[in-house]
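Undergrad: 3D model of this:
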Amino acid sequence: MTVAHRRISERVSAITESATLAVDAKAKALKAARRPVIGFGAGEPDFPTPDYIVAAAQRACAEPRFHHYSPTPGLPELREAVAAKTARDSGYQVSASQVLITNGGKQAVYQAFATLLDPGDEVLLPTPYWTTYPEAISLAGGVAVPVMTDERTGYLTSVADLEAARTPRTKVLLFVSPSNPTGAVYPPSQVAEIGRWAAEAGLWVITDEIYEHLVYGDARFASIPVAAPELADRCVVLNGVAKTYAMTGWRVGWMIGP
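TA: As a prediction, this is how the structure comes out:
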C-alpha cells in the first residue's frame, strides 16, 4: 500500500506569499506596460548605494583573505564595527561577541524567532505590521497574537493593550519603532515603559531597528534596551544596512543579543 505524501511540508505550506513582493511585482509589471505607477510595496530608498561604499566593496573583493570561508558569526572586524556603530547611533553598549552577522535583515528576523520559540509559544505583534513577521513566527512554530492599534493612538500600542493580550503562552514581544508600515515612532518615555513591563513580565523582546535613522520632525528614536536597561538580558536587536545606506540588495544584516 502506497502512502500519499504532501508535495511540500506542512511547515512551508502554512506560510503565505510575501504580500510586499507580490505588490512590488505587480507594480513593476504595470511600469513595464508603460502605466503611470508609483510603487509603495518594497522598502527601496530612492537613491543608489553611496560611491564610497561601492569602492570599499571593490577593494575588499580584491583581497584574497575574503575569498575563503568566514567565521560563522561573521568577520571579526565587521562584528566590531557593528558594535561600535550601535554604541554611536543608539547608545547601546555591546561587545563584538554579542553580534551575529546575517544574510540581510530578514534572515535575522527568522533566526531570532527560530531561536526563541517552541511550538505554541505566542508572540505579541502590534498591528499594522510588516507582512514577513507573522510568517517568520509561523515558520518557527510560534503563534502571532495581533495587538490592534489605529489612528486614534497614532498607531502606538500601550502597556494596557499588551497586558490584555498576554497569556501564559506569551514568550516574546515584537517591538518595532520606527514602524514599517505606519511610520509611527514611540516617544522615549513610552519605549521605557513598555521595556520595563516586558522585563517584569519575564518576556523576551525582539526589536527591529532597521528604520532607526528614518525619523522626521520632532520624532526621536530610542532603543528599548537602552531605555529599559533591565531588559537587556532578554532582548534581541535586529538591524542592517539596507535602508539607511540604500543597500537592500547587498543582504547585510545582524542580530545583537545576550
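
Undergrad: Enumerate the positions of stretch 121-129 that are buried.
TA: Residues 121-126, 129 are the ones in stretch 121-129 that count as buried (16 or more other C-beta atoms under 10 Å). C-beta here means a position set from N, CA and C on the backbone, and glycine is covered the same way.

Undergrad: Can you find the helix or strand of this protein with the lowest average pLDDT?
TA: None of the helices or strands of the chain scores lower by mean pLDDT, DSSP states H and E than helix 10-13, at a mean of 79.

Undergrad: Now tell me what touches the next helix or strand after that helix from outside.
TA: Sequence-wise, the next helix or strand downstream of helix 10-13 (DSSP states H and E) is helix 19-32. Contacts to helix 19-32, defined as C-beta atoms under 8 Å, 6 or more residues apart in numbering, come from residues 37-43, 130-132.

Undergrad: Tell me the secondary structure at residue 100.
TA: strand (DSSP: H, G, I helix; E, B strand; the rest coil).

Undergrad: which ones among the buried residues of stretch 121-129 are found in strands?
TA: Those of the buried residues of stretch 121-129 mapping onto strands are 122-126, per DSSP state E.

Undergrad: which stretches of the stretch 151-258 of the chain form strands?
TA: 170-176, 204-208, 235-240, 253-256 (DSSP state E, counting those that start in this stretch).

Undergrad: so which of the contacts of helix 19-32 comes closest to residue 235?
TA: The nearest member of the contacts of helix 19-32 to residue 235, counting by C-beta to C-beta, is residue 130 at 19.0 Å.

Undergrad: pLDDT wise, what is the closest one at?
TA: Here, the pLDDT recorded for residue 130 equals 92.

Undergrad: Wait, it touches residue 182, no?
TA: No: between residue 130 and residue 182 there is no contact under C-beta atoms under 8 Å: 10.2 Å.

Undergrad: Quick check: closest non-adjacent residue to residue 145.
TA: residue 122 (5.0 Å; C-beta to C-beta, 6 or more residues apart in numbering).

Undergrad: And the one you found, how close does it get to residue 191?
TA: 22 Å (C-beta to C-beta, to the nearest Å).

Undergrad: List the contacts of residue 256.
TA: By C-beta under 8 Å, 6+ apart, the contact list for residue 256 reads 82-83, 86, 92, 94, 98-100, 236-239.

Undergrad: Swap in 10 Å and give it another go.
TA: Contact partners of residue 256, counting by C-beta atoms under 10 Å, 6 or more residues apart in numbering, are 79, 82-83, 86, 92, 94-95, 98-100, 108, 207, 209, 223, 225, 232, 235-239.

Undergrad: Repeat that for residue 199.
TA: Going by C-beta under 10 Å, 6+ apart, residue 199 touches 205, 224-225, 228-235.

Undergrad: Can you tell me which of these lies closest to residue 166?
TA: Set against residue 166, the nearest of the contacts of residue 199 by C-beta to C-beta is residue 205 (12.9 Å).

Undergrad: and that closest one, bridged to which residues?
TA: With DSSP bridges as the criterion, residue 205 is bridged to residue 173, residue 235.

Undergrad: My read is that it contacts residue 196, right?
TA: No: at 11.0 Å, residue 205 and residue 196 do not qualify as touching, with contact defined as C-beta atoms under 10 Å.
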